[in-house]
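Q: this one's sequence-less:
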């Protein structure tokens, strides 16, 4: 009798443990690629000069209106300098059916004047633009940086955008080509959107 009782208790514990592991697996289920979500800050305060350059290059927003528009920014550290990703999703005139404008500017070496090779300055130039659609369900970042183990020597980390397509998450992977970000591949996750669970930070 005692053996049977302990057997039942042990079997019940085994089933309970299996259920917990299954639930944990579901909760921890991830997309094909996961990385560090971009941490957005007020671009008007952190990178105003580069932001105004982006406004002038990419938009027709009048200069007198530019300082009052809510633009977000996230810096990316590279091996040879820094890049800045701009998020214009809070600017209505830069959003449309295709989504909202996102752009990146990166530091590149610039020789001034060209004959003096030892006088090198760093300037920012446009290296990426993309229109992204939102909203994205809570727990799924719209845009994150990804360090590929297969490309450890990249100057800048990959940028991965999550987009909703036919109730699934399509990931757009942009990699650094040496001079700009280019679309490397598109990944359509097999799991329906409602089956993708994410552990959220408390």
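A: Looks like it came in fine. Please read these numbers as outputs of a predicted model, since none were measured by experiment.
Q: what ranges do the strands span in this protein?
A: Using DSSP state E, the strands of the chain run over residues 36-37, 41-42, 72-77, 82-87, 95-96, 99-111, 120-132, 143-146, 158-165, 168-176, 181-188.
Q: So what's the gap between stretch 62-75 and the chain middle?
A: Offset of stretch 62-75 from its chain centre (CA atoms, centre = their mean, to the nearest Å): 20 Å.
Q: Please renumber the chain so that the first residue is 47 from this point on.
A: Renumbered: residue one is now 47, and that last one reads stretch 108-121.
Q: before we move on, back to that, point out the most buried one among the strands of the chain.
A: strand 128-133 (a mean of 22; mean count of other CB atoms under 10 Å). Where C-beta positions appear, they are placed from N, C-alpha and C, glycine not excepted.
Q: For it, which strands pair with it and how are they oriented?
A: Using DSSP bridges, the strands paired with strand 128-133 are strand 118-123 (antiparallel), strand 145-157 (antiparallel).
Q: picking that back up, ok, which of the strands of the chain comes nearest residue 102?
A: For the strands of the chain, proximity to residue 102 was assessed by CB to CB; strand 166-178 is nearest, at 10.8 Å.
Q: chain center to that closest one, what's the gap?
A: 16 Å.
Q: same question, stretch 215-232
A: 11 Å.
Q: One more: stretch 118-137?
A: Chain-centre distance of stretch 118-137: 10 Å, with CA atoms, centre = their mean.
Q: Stretch 182-189 too?
A: Stretch 182-189 has its C-alpha centroid displaced from the chain centroid by 10 Å (CA atoms, centre = their mean).
Q: what's it in contact with?
A: 77, 83-84, 131, 133, 148, 178, 180, 205-210, 215, 239, 242-244, 246 (CB atoms under 8 Å, 6 or more residues apart in numbering).
Q: Kindly check the end-to-end length of it for me.
A: One end of stretch 182-189 to the other measures 10 Å (CA to CA, to the nearest Å).
Q: tell me, which of the strands paired with strand 128-133 is the model least confident about?
A: Among the strands paired with strand 128-133, strand 145-157 carries the lowest mean pLDDT, a mean of 86.
Q: Compute the inter-axis angle for that strand and strand 166-178.
A: Strand 145-157 and strand 166-178 are oriented at 170 degrees to each other (axes from the mean of the first three to the mean of the last three CA atoms, to 10 degrees).
Q: Could you save the strands of the chain as TSV and add columns showing distance to residue 111?
A: Formatted as TSV, the strands of the chain follow (distance: least, CB to CB, whole Å):
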stretch	distance to residue 111
strand 82-83	29
strand 87-88	17
strand 118-123	17
strand 128-133	16
strand 141-142	16
strand 145-157	16
strand 166-178	20
strand 189-192	25
strand 204-211	27
strand 214-222	29
strand 227-234	28
